[in-house]
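S.K.: my questions are about this predicted structure, shown below with the sequence.
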Amino acid sequence: MGLKIVVLAKQVPDTRNVGKDAMKADGTVNRAALPAIFNPEDLNALEQALRLKDTYPGTEVSILTMGPGRAADVIREGLYRGADNGFLLTDRAFAGSDTLATSYALSCAIRKMDKYDLIIAGRQAIDGDTAQVGPQVAEKLGLPQVTYAEEVLSADKKKIVIKRRLERGVETVEMPLPGVITVNASAPDCRPRNAKLLMKFKHAKTITERQSESEDYIDLTADRPYLNIEEWSVNDIETDVNWLGLSGSPTKVKKIENVVFQAKEAKRLTPADEEIDELMKELIANHTIG
Amino acid sequence: MNNVFVICEIEEGKVADVSLELMTKGRSLANQLNCKLEALVLGHNLKGIEKELYPYGADVVHIGDDERLEPYTTLPFTSIIVNLFEKEKPQVALLGASTFGRDLGPRVSSALVSGLTADCTSLEIGPHEDKKAGKTYENLLYQIRPAFGGNIVATIINPDCRPQMATVREGVMKKEIYDATYKGKVNNLEVDKILKPEDLVVKVIERHMEKSKVNIKNSSIIVAGGYGVGSKENFAQLEELAEVLGGEVGASRAAVDAGYASHERQIGQTGVTVRPKLYIACGISGQIQHTAGMEESSMIIAINNDPNAPINKLADYAITGDVGEVVPKLIKFYKQNTK
Ligand SMILES: Cc1cc2nc3c(=O)[nH]c(=O)nc-3n(C[C@H](O)[C@H](O)[C@H](O)COP(=O)(O)OP(=O)(O)OC[C@H]3O[C@@H](n4cnc5c(N)ncnc54)[C@H](O)[C@@H]3O)c2cc1C
Ligand SMILES: Cc1cc2nc3c(=O)[nH]c(=O)nc-3n(C[C@H](O)[C@H](O)[C@H](O)COP(=O)(O)OP(=O)(O)OC[C@H]3O[C@@H](n4cnc5c(N)ncnc54)[C@H](O)[C@@H]3O)c2cc1C
């Protein structure tokens, strides 16, 4: 029993380790200094897909990402770890999408793909931080959803049983397929790159990437079709343009402020008895404690 | 019509704190917008639930009581809410940024094509001018939220679509009784007429909810420990300090991951947001994901052996030293001075 699985993966700036060079002198975010990475929870999602592939031979795992041309890196990264193929959705028409317009575009791309049984997304992307795209893709496709998934307990062609991690406990749910699940960071980490797959897919490229190669570049995709990363623009999928990009986005960003660490001066103390004694007296006097 | 709605969450038969916090916020928004505040509660055995909501200023409490609505699953809740909202056309709809709200909110907003802003830290009413389209708007909901891992704060608006939907995390808004004698009315929803078989395809086979014992969110003093505390044994000192000060123990994720403290004590982006009167950060470096959950504390004391730890930038007092040395001294001198 092979399943057809689509993993939604987003390329994101690494906002987790915002080091010194990632902040400009004026305290604003220096995006250029943040490396573009595979969204962490999408790696957890990929691992769930790969585990299903391990368990059910014949399973096919496709990666779908929407983003600029360089987001093809995410697809290659997925291929190195065991995904079978990838689709890059890229077009200026998608620029400025909020989660709803993003979900609409992704759902149109999924509709165009072969029949699928399961769509697996990460819970949340670390840049937009909304955790909305998974459930909205499910709604757009009219499919049931299970969010906060931690483990797929069992699956067959018709249904899947999933353990969910909630704030105050765990839940086991059964969902008919096709359906959408979003995977939590508490799920197992993704396996590392596989050396053989790295060799095999090192030259996997989108058509745009191939076209921008130098003249003596040899295009291998004719006899190795797996090296082609499918690239779709808005014209390759069926959409209503009013639902895309800025015009398809009900939410608008009115204003953005960079968080600047205010240079509030801390009072510096040492562990000396008299200093701690003095601190406690102060806190008691101003009713902070006591 | 066109009122402010709060989609309430039920926890162990009671309206969850986060929903009551949003009722308080919703009431003040409704007063500003000169409209009504309406609450929506779905579940089973909800008799009398409206009484929990009236004191927070609920003018109408919509109740959908049906055994198929307990435990929560996404699809039936979505159908009922979409059905009600299509009739009532709320201008604002709020829900908690809990696993419940973050599962349900996007589904509902997608079905209504209304837009949703996640994890707001502040909600305000204000005007907007769209210069390109030559349009002006009055009384929009400014949905203010951190993004980009907490490095930026964005103000989001939904100029044209309704409802303006937003989720807010527990502990961000203040819960306050509006008027203990306030009385609204109940609207019982005809759940049976709305639910379709395809709404019921996802089945909860088992759930064990661990009761929320720890309540760091409501504690006015928090002694939080990080990876620098070094061991579970050393963490016991923090517990002692918290106890003598009448506070609770919190933790960074690194401390939770290391097994020094349980997950429900985690403070930060993926834990709880707190704003106590006093926050004592022990052996915590002060990464943005942690500070996002505590930076609004009224007073911050940092204890760290690294004088350049980022946490010191937020601190009112930065004690440079070893946690194991400083914490017992805090206990000792507190006791001496309060005798
Ligand atoms: C400062 C700021 C604030 C914003 N606030 C909001 C807001 O409150 N509401 C709103 O609707 N939009 C908001 N947006 C827009 C939103 O960030 C984008 O629409 C983004 O493309 C998707 O949202 P996300 O990053 O939050 O993804 P999430 O919803 O957190 O992503 C969940 C999962 O969906 C999948 N996924 C998401 N995007 C893609 C993609 N491009 N390709 C493939 N898979 C994907 C991944 O599996 C991911 O793990 C904001 C943008 C900015 C810059
Ligand atoms: C998506 C995401 C979400 C996250 N969410 C959260 C969250 O909700 N909450 C959270 O806390 N983190 C969160 N993190 C993790 C966060 O980035 C940091 O890794 C974490 O906060 C670090 O914890 P820490 O300060 O305890 O440990 P460290 O960064 O290791 O710091 C330890 C500190 O202790 C000091 N120290 C060491 N020994 C001593 C001693 N003997 N006496 C005094 N000081 C000492 C050191 O100088 C250092 O400053 C998240 C990360 C990601 C990627």
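M.R.: Thanks, I have the structure now. Residues are numbered from 1 along each chain as shown, chains lettered A, B, ... in the order given. Ligands and ions are numbered 1, 2, ... in the order given.
S.K.: what residues does the stretch 101-250 of chain B have near ligand 2?
M.R.: B:G226, B:Y227, B:G228, B:G230 (CB under 6 Å from any ligand atom). In this view, the C-beta of every residue, glycine as well, is placed from N, C-alpha and C.
S.K.: which one of those residues has the most neighbours?
M.R.: Scoring these on neighbours with other CB atoms under 10 Å in any protein chain shown, the highest-scoring entry is B:G226 at 29 neighbours.
S.K.: what residues does the stretch 101-250 of chain A have near chain B?
M.R.: A:103, A:126-136, A:138-140, A:144-148, A:161, A:164, A:166-176, A:185, A:249-250 (CB under 8 Å from any CB of the partner chain).
S.K.: how about a cut-off of 6 Å?
M.R.: For the stretch 101-250 of chain A, the residues in contact with chain B (CB under 6 Å from any CB of the partner chain) are A:126-127, A:129-132, A:135-136, A:139, A:144-145, A:147-148, A:166-169, A:171-176, A:250.
S.K.: hmm, back to that, any chance of the residues of the stretch 101-250 of chain B next to ligand 2 in JSON lines, plus secondary structure and pLDDT?
M.R.: Shown next, in JSON lines, are these (DSSP: H, G, I helix; E, B strand; the rest coil; pLDDT from 0 to 100):
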{"residue": "B:G226", "secondary structure": "coil", "pLDDT": "97"}
{"residue": "B:Y227", "secondary structure": "helix", "pLDDT": "95"}
{"residue": "B:G228", "secondary structure": "helix", "pLDDT": "95"}
{"residue": "B:G230", "secondary structure": "coil", "pLDDT": "92"}
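S.K.: on that earlier part again, show the buried residues in the residues of the stretch 101-250 of chain A next to chain B.
M.R.: Buried subset of these (neighbour count, 16 or more other CB atoms under 10 Å in any protein chain shown): A:126-127, A:129-132, A:135-136, A:139, A:144-145, A:147-148, A:166-168, A:171-175, A:250.
S.K.: among the residues you listed, which are located in strands?
M.R.: Secondary structure defined by DSSP state E assigns A:Q145, A:T147, A:Y148, A:L166, A:E171, A:T172, A:V173, A:E174, A:M175 of these to strands.
S.K.: B:A255 contacts B:G228, correct?
M.R.: No: with contacts counted by CB atoms under 6 Å, B:A255 stays clear of B:G228, the gap being 8.6 Å.
S.K.: over to residue 92: give its phi and psi.
M.R.: In the absence of a named chain, this looks at chain A. Here is the backbone geometry of A:R92 (degrees, to the nearest 10): phi -60, psi -30.
S.K.: sorry, I should have been clearer: chain B.
M.R.: Backbone geometry at B:V92, expressed as degrees, to the nearest 10, gives phi -130, psi 140.
S.K.: ok, now which ones touch it?
M.R.: B:V4, B:L141, B:P163, B:Q164 (CB atoms under 6 Å, 6 or more residues apart in numbering or on different chains).
S.K.: which ones are touching the third one?
M.R.: By that I understand B:P163. By CB under 6 Å, 6+ apart, the contact list for B:P163 reads B:P90, B:V92, B:A93, B:S114.
S.K.: sticking with the closest residue to B:V327 other than its chain neighbours, tell me its helix or strand.
M.R.: Excluding the flanking residues, the one nearest B:V327 by CB to CB, 6 or more residues apart in numbering or on different chains is B:Q237, at 4.7 Å. B:Q237 belongs to helix B:232-245 when assigned by DSSP states H and E.
S.K.: helices or strands up against that helix?
M.R.: Secondary-structure packing of helix B:232-245 (3 or more CB pairs under 6 Å, 6 or more residues apart in numbering or on different chains; DSSP states H and E): strand B:221-225, strand B:248-251, helix B:323-338.
S.K.: compare those and give me the one nearest B:S110.
M.R.: Between B:S110 and those, the shortest separation by CB to CB is 35.4 Å, and it involves strand B:248-251.
S.K.: same question for that closest one, mean pLDDT?
M.R.: For strand B:248-251, mean pLDDT is 95.
S.K.: which strands or helices does it pack on?
M.R.: When contacts are defined as 3+ CB pairs under 6 Å, 6+ apart, strand B:248-251 packs onto strand B:221-225, helix B:232-245.
S.K.: at 10 Å what do you get?
M.R.: Contact partners of strand B:248-251 among helices and strands, from 3 or more CB pairs under 10 Å, 6 or more residues apart in numbering or on different chains; DSSP states H and E: strand B:221-225, helix B:232-245, helix B:253-257, strand B:278-282.
S.K.: in TSV: the ones you listed, plus mean neighbour count.
M.R.: Shown next, in TSV, are the helices and strands packed on strand B:248-251 (neighbours: other CB atoms under 10 Å in any protein chain shown):
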stretch	mean neighbour count
strand B:221-225	28
helix B:232-245	18
helix B:253-257	21
strand B:278-282	28
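S.K.: and the longest strand belonging to chain B, how far out from the chain middle?
M.R.: When chain B is parsed with DSSP E, its longest strand is strand B:135-147. A distance of 20 Å separates the centroid of the chain from that of strand B:135-147, by CA atoms, centre = their mean, to the nearest Å.
S.K.: now the helices and strands packed on helix B:232-245 in TSV, with distance to ligand 1?
M.R.: Shown next, in TSV, are these (distance: least, CB to the nearest ligand atom, whole Å):
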stretch	distance to ligand 1
strand B:221-225	27
strand B:248-251	25
helix B:323-338	36
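S.K.: where are the low-confidence patches of the chain?
M.R.: I'll assume chain A. The model of chain A has pLDDT under 70 over residues A:16-31, A:259-264.
S.K.: I was thinking of chain B, sorry if that wasn't clear
M.R.: Applying pLDDT under 70 to chain B picks out residues B:149-150, B:210-214.
S.K.: change it to 80
M.R.: B:148-151, B:171, B:209-215, B:217-218, B:339 (pLDDT under 80).
S.K.: OK, contacts around the spatially most central residue of it?
M.R.: Here the mean C-alpha position of chain B is nearest to the C-alpha of B:E170 (CA atoms, centre = their mean), at a distance of 1.6 Å. By CB atoms under 10 Å, 6 or more residues apart in numbering or on different chains, the residues touching B:E170 are A:167, B:9, B:16-19, B:21-22, B:96-98, B:101, B:217, B:272-273.
S.K.: ranking those by neighbours, who comes first?
M.R.: B:L22 (32 neighbours).
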